[in-house]
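**Q** this one's sequence-less:
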């Protein structure tokens, strides 16, 4: 029985770059096992040591999660499509919105009648709706790729108070997609640049600025002051933190994530009958499995599209109308120009929003996501030997017999390279380990150091006996500290 499995971008490096793979099987489990047999590197990303589907991997047959059907035993029909949805980055008309206070809505000024005239003539918005927007308080987490279009559209729409949380500075590499910032803002705090731009769009709104990292210590205090929280983050610890704070405070969480050409959007709002982010992804992926946009890239217009969808959902929540993305996951592929919608169901056993919830407070999310060992842990981790770019240059100049392996992708290799390096992309490094001479000291590098550390771990696990050293900061550090002629990207 022929089945098509759709491979998400984040996992294509382990499937030979294929977006669709034909397999055989009469159940979802058989189809996935057939897929893993064809591409061995995929298996450990789909199944754990007990041969169970990993909790950060969702599998859909049609538009239904197999967890809501018969799990891995979900039957398949000839020609059916199975979709894998890893963690990355129904709704109905709502009643009273969180920001709605009918007896205490602010009046519009004469200038605001002119500014919002195109809203006022929409019966679904009208005067009362615009007053709701003026009365609303929205907290944006991040002013990057998603936060840029989101904030600009919320400001233009007249959302009265916008809180922005960010502690990063504007870099030249941001400008390809983070349209809230400009060339003149390079080096400035993003929060200052964003505030200036939003007030330029609409000086009649209030901007609350929080130049700080969102943490378990401050999240509840920040989120409780707002009606809606919008997740524009790019890392899993903050994403779980935002979700948990929103659920504990009974706030709607407008979610978006992006990677390369693919985007996701939803509204997590358990108090409105929908699931939370933990219902969709109970656990985060292991560190390093899902590349960041800095490593994997992102099409510049993609965050604009997804961020605009988040702004749309936020406005609908405030207005108290429209069909929200509650219980629905919207997937967008910019390269194929396709939208797809999947059903999300609330998990009755969810430890945060389920019937017998056990999570009553915020936790250490760096620890939860495996980025640091649990407190008091005695587990020892195999340490990776590191070398700086300047140290590597000195050893090369001294004539040391080193081999340098670059685990980036071929298109990255074309941008710039360290002289004398051999290219073996991360997805091929184990299969091609025999091309690496174990009698020579091997320095492994990527763009920033993350993928090369992962490559070293995979080679050690595969039994490679030679000396492996990770280049701290990757080729970016080489460009910064050794050879500025190597382009940074």
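**A** Received it, and whenever you're ready, just let me know what you need. Treat the numbers as computed from the prediction; the structure is a model and nothing was measured.

**Q** Check what pLDDT residue 91 gets.
**A** Reading off the per-residue confidence, residue 91 sits at a pLDDT of 31.

**Q** do the same with residue 381
**A** 43.

**Q** Doesn't residue 391 belong to a helix?
**A** Yes. Under DSSP: H, G, I helix; E, B strand; the rest coil, residue 391 falls within a helix.

**Q** Give me the neighbour count for it.
**A** 15 (other CB atoms under 10 Å). C-betas here are computed from N, CA, C, even on glycine.

**Q** go on, residue 73?
**A** Using other CB under 10 Å, residue 73 has 12 other residues around it.

**Q** Let me see the contact set for it.
**A** Each residue near residue 73 by CB atoms under 8 Å, 6 or more residues apart in numbering is listed here: 27-29.

**Q** Swap in 7 Å and give it another go.
**A** Under the criterion of CB atoms under 7 Å, 6 or more residues apart in numbering, the contact partners of residue 73 comprise 27, 29.

**Q** can you check residue 392 too?
**A** By CB under 7 Å, 6+ apart, the contact list for residue 392 reads 443, 471.

**Q** Could you measure from it over to residue 419?
**A** 11 Å (CB to CB, to the nearest Å).

**Q** which strands and helices sit next to the biggest helix by length in the chain?
**A** Counting residues, the longest helix found in the chain (DSSP state H) is helix 302-319. If contacts are counted by 3 or more CB pairs under 7 Å, 6 or more residues apart in numbering; DSSP states H and E, helix 302-319 sits against helix 126-135, helix 147-157, strand 228-231, strand 253-259, strand 262-268, strand 328-333.

**Q** What average pLDDT does the second one get?
**A** Averaging pLDDT along helix 147-157 gives 97.

**Q** Which elements pack onto the lowest-mean-pLDDT helix or strand in the chain?
**A** Confidence across the helices and strands of the chain bottoms out at helix 293-296, with a mean of 75, counting by mean pLDDT, DSSP states H and E. Using 3+ CB pairs under 7 Å, 6+ apart, the elements in contact with helix 293-296 are strand 253-259.

**Q** What are the contacting residues of the strand it packs on?
**A** Contact partners of strand 253-259, identified using CB under 7 Å, 6+ apart, comprise 9-10, 88-89, 145-146, 228-232, 242-243, 246, 263-269, 277, 293, 296, 298, 302-303, 306-307, 309-310, 313-314.

**Q** Just the buried ones out of the residues you listed, please.
**A** Neighbour-count burial (16 or more other CB atoms under 10 Å) is assigned, among the contacts of strand 253-259, to 9-10, 88-89, 145-146, 228-232, 242-243, 246, 263-269, 277, 293, 296, 298, 302-303, 306-307, 309-310, 313-314.

**Q** returning to what we had before: and the angle for the longest helix of the chain with strand 328-333?
**A** 160 degrees (axes from the mean of the first three to the mean of the last three CA atoms, to 10 degrees).

**Q** which non-adjacent residue is nearest residue 125?
**A** If the residues on either side of it in the chain are set aside, residue 125 comes closest to residue 119, at 4.5 Å by CB to CB, 6 or more residues apart in numbering.

**Q** okay but the one you found is in contact with residue 128, surely?
**A** No. Under the criterion of CB atoms under 7 Å, residue 119 lies out of contact with residue 128, with a separation of 11.1 Å.

**Q** Look at the two and report which has more neighbours.
**A** Set side by side, residue 119 and residue 128 give different neighbour counts by other CB under 10 Å, the larger being at residue 119 (18 against 13).

**Q** How about the secondary structure of that one?
**A** For residue 119, the secondary-structure state derived from three-state DSSP is helix.

**Q** now the strands for the stretch 51-200 of the chain?
**A** For the stretch 51-200 of the chain, the strands defined by DSSP state E, counting those that start in this stretch occupy 57-61, 64-65, 81-86, 137-141, 161-165.

**Q** Deepest-packed of those, please.
**A** Highest mean neighbour count of the strands of the stretch 51-200 of the chain: strand 137-141, a mean of 26 (counted as mean count of other CB atoms under 10 Å).

**Q** quick check: angle from that strand to strand 161-165?
**A** Relative orientation of strand 137-141 and strand 161-165, computed by the same axes, to 10 degrees: 20 degrees.

**Q** other SSEs contacting strand 137-141?
**A** Secondary elements touching strand 137-141 (3+ CB pairs under 7 Å, 6+ apart): helix 147-157, strand 161-165, strand 228-231.

**Q** Which one of the ones you listed lies nearest to residue 172?
**A** Residue 172 lies closest to helix 147-157 among those, at 15.3 Å (CB to CB).

**Q** so that closest one versus helix 302-319, what angle?
**A** Inter-element angle recorded for helix 147-157 and helix 302-319: 40 degrees (by the same axes, to 10 degrees).

**Q** Distance from the chain centre to helix 147-157, please.
**A** 19 Å (CA atoms, centre = their mean, to the nearest Å).

**Q** Show residues contacting it.
**A** Contacting residues not belonging to helix 147-157 are listed as 133, 138, 140, 143, 162, 164, 178-180, 194, 197-198, 201-202, 205, 230, 232, 303-304, 307-308, 310-311, 314-315 [CB under 7 Å, 6+ apart].

**Q** 6 Å instead, please
**A** Applying CB atoms under 6 Å, 6 or more residues apart in numbering, the external contacts of helix 147-157 come out as 133, 138, 140, 162, 178-180, 198, 201-202, 205, 232, 304, 307-308, 310-311, 315.

**Q** buried ones in it?
**A** For helix 147-157, burial by neighbour count (16+ other CB under 10 Å) applies to 147-155, 157.

**Q** how much space between residue 320 and residue 129?
**A** Summarising the geometry, the distance separating residue 320 from residue 129, computed by CB to CB, is 8 Å.

**Q** which of the two has more neighbours?
**A** A direct count of neighbours by other CB under 10 Å for residue 320 and residue 129 places residue 129 higher, at 24 against 17.

**Q** surely that one meets residue 318?
**A** No. Assessed by CB atoms under 6 Å, residue 129 is found out of contact with residue 318, at 8.2 Å.

**Q** Quick check, pLDDT for residue 288.
**A** Looking at residue 288, its pLDDT stands at 66.

**Q** Residue numbering should commence at 19 henceforth.
**A** Yep, numbering from 19; the last one is residue 306 now.

**Q** re earlier: could I get the buried residues of helix 165-175 as JSON lines with distance to residue 479?
**A** Supplementary listing: the buried residues of helix 165-175 in JSON lines, determined by distance: CB to CB, whole Å:
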{"residue": "165", "distance to residue 479": "38"}
{"residue": "166", "distance to residue 479": "40"}
{"residue": "167", "distance to residue 479": "41"}
{"residue": "168", "distance to residue 479": "41"}
{"residue": "169", "distance to residue 479": "43"}
{"residue": "170", "distance to residue 479": "46"}
{"residue": "171", "distance to residue 479": "46"}
{"residue": "172", "distance to residue 479": "47"}
{"residue": "173", "distance to residue 479": "49"}
{"residue": "175", "distance to residue 479": "51"}
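
**Q** Closest to residue 205 out of those?
**A** Within the set of the buried residues of helix 165-175, residue 166 lies nearest residue 205; the separation is 17.4 Å, counting by CB to CB.
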